[in-house]
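Asks: How does the following fold in three dimensions:
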Amino acid sequence: MKRKPRLGEALPADPDVKILRGCEIVGSKYEYKVKIQNETDYIINRVTVSIISYPEDCMRLEGKRIKSIVMIEPTGFRSPQFIFVPSKDCVEGDIQATISYVDHENQMRTAQSEPITIRSVCDLLKPLERTVEEFEEILYGMSADIREIIVQRTPEEVFTDAEKVLPEKNFHVIGVTSSIEDNQFSGTLRGIAIGKYTQTKLTVRLVIAGPVEGPETSILIETLGDDMAMLPITIGEIADMLAD
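Replies: Okay, here's the model as predicted:
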C-alpha cells in the first residue's frame, strides 16, 4: 500500500528520476555538475540542487550554493554547474549535493547525489626551472614519501612514458639518465614544481629498473616537498599514469 506522507514531509525521489554527477578541471578551477534525468511519464517542477558539503579548507565555491530549475519534462534532463576554486595546492575531499523537486501529485521529493572525491596536486602546480645544483640545495629539510610499483611492461617503454608524464604533470624535468648493464635497464628522472597558490615547492624522483625484455619493471616514486599532505597524492597521480 502506498504510504501517505505526513504534512510537510518529503518522500524519496522516484527511482526513474536519475541523479548523476561529475567533476573536471578546467584551467585551475573545478567544474562540478549534477545531472537530473527525468525518465518518468510526468513533468517534475521546482527542481532545486544544493551543495551540502565540499572541502572548504582547500576550496571556495564561486556563486550560489543553490541552483533552481523551473521544470524538467519527461525524457528531459538538466545539468546545473557549480564552480570551485582551490585555495591551496593540495585539494582533497568530497563534494555532495542534495536534489529536491515537486512531482505530479504536488508532493515534495528529495535525493542525494553520490559523493565525488576530489584529490589533486599536479593540476595545481607549475614547472619550476632550476639547475641540478639548485635542485639539490632545495631538497634539504623537505619531508619525503616513497612508493614502489611493479608494472607489466619493459623498462624502456616505462622510461619513455615517464619522460612525457612528468611535464604533463607540470614538473620541470632535471637530470635524465639511463643505462643498460648485464641485460638490466636502469633509468632515473627528476622533476621540480611549485604550487600556484602557496608557492610550495615539490620534487619527484623516478627510478625505473628491470630486465631489458621485461616483462616486469619496477618504478620507485619518491616525492619531497614542503607540505607533507601533497606527497602521497602526487605519488598516486604519477603511479596511475605510469601503470596504464
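
Asks: Show the subsequent helix or strand relative to the helix or strand containing residue 94.
Replies: Counting by DSSP states H and E, the element that carries residue 94 is strand 91-102. Going down the chain from strand 91-102, the next helix or strand is strand 108-112, by DSSP H and E.

Asks: which residues does residue 155 contact?
Replies: By CB atoms under 8 Å, 6 or more residues apart in numbering, the contact list for residue 155 reads 185-187, 208-212, 214, 217. Heads up, the C-betas are built off the backbone N, CA and C, glycines and all.

Asks: ok, 7 Å please
Replies: Residues near residue 155 by CB atoms under 7 Å, 6 or more residues apart in numbering: 185, 187, 208-210, 217.

Asks: phi, psi of it?
Replies: Here is the backbone geometry of residue 155 (degrees, to the nearest 10): phi -60, psi -30.

Asks: And the pLDDT at it?
Replies: At residue 155, the model reports a pLDDT of 95.

Asks: Please enumerate residues in contact with stretch 223-230?
Replies: Stretch 223-230 is contacted from outside by 89-90, 121, 139, 142-145, 200-204, 231, 234-235, using CB under 7 Å, 6+ apart.

Asks: who's residue 38 bridged to?
Replies: Per DSSP bridges, the residues bridged to residue 38 are residue 17.

Asks: thinking again about what came up before, return the closest of the contacts of residue 155 with respect to residue 196.
Replies: residue 208 (28.4 Å; CB to CB).

Asks: burial count for that closest one?
Replies: Per other CB atoms under 10 Å, the neighbour tally for residue 208 reads 25.

Asks: so how far is the lowest-mean-pLDDT helix or strand in the chain off the chain centroid?
Replies: Sorting the helices and strands of the chain by mean pLDDT, DSSP states H and E puts helix 132-138 at the bottom, at a mean of 85. Relative to its chain's centre, helix 132-138 lies at 30 Å (CA atoms, centre = their mean, to the nearest Å).

Asks: what helices or strands is it leaning on?
Replies: Here helix 132-138 touches strand 172-181, strand 184-195, going by 3 or more CB pairs under 7 Å, 6 or more residues apart in numbering; DSSP states H and E.

Asks: which other residues reach whatever helix or strand comes next after the longest one?
Replies: This points to strand 184-195. Later in the chain than strand 184-195, the nearest helix or strand by DSSP H and E is strand 201-211. The contact list for strand 201-211, computed with CB under 7 Å, 6+ apart, reads 125, 128, 138-139, 155, 158-159, 162, 166, 171, 183-194, 216-226, 230, 234, 238.

Asks: any idea how far strand 201-211 is from the chain center?
Replies: For strand 201-211 - counting by CA atoms, centre = their mean - the centre lies 22 Å from the chain centre.

Asks: The chain should start at 7 in everything you say after this.
Replies: In the new numbering, first residue 7, that becomes strand 207-217.

Asks: and the helix or strand immediately after it in the chain with strand 207-217, angle?
Replies: Reading on from strand 207-217 to the C-terminus, the next helix or strand found by DSSP H and E is strand 223-231. Going by axes from the mean of the first three to the mean of the last three CA atoms, to 10 degrees, strand 223-231 is angled at 170 degrees with respect to strand 207-217.
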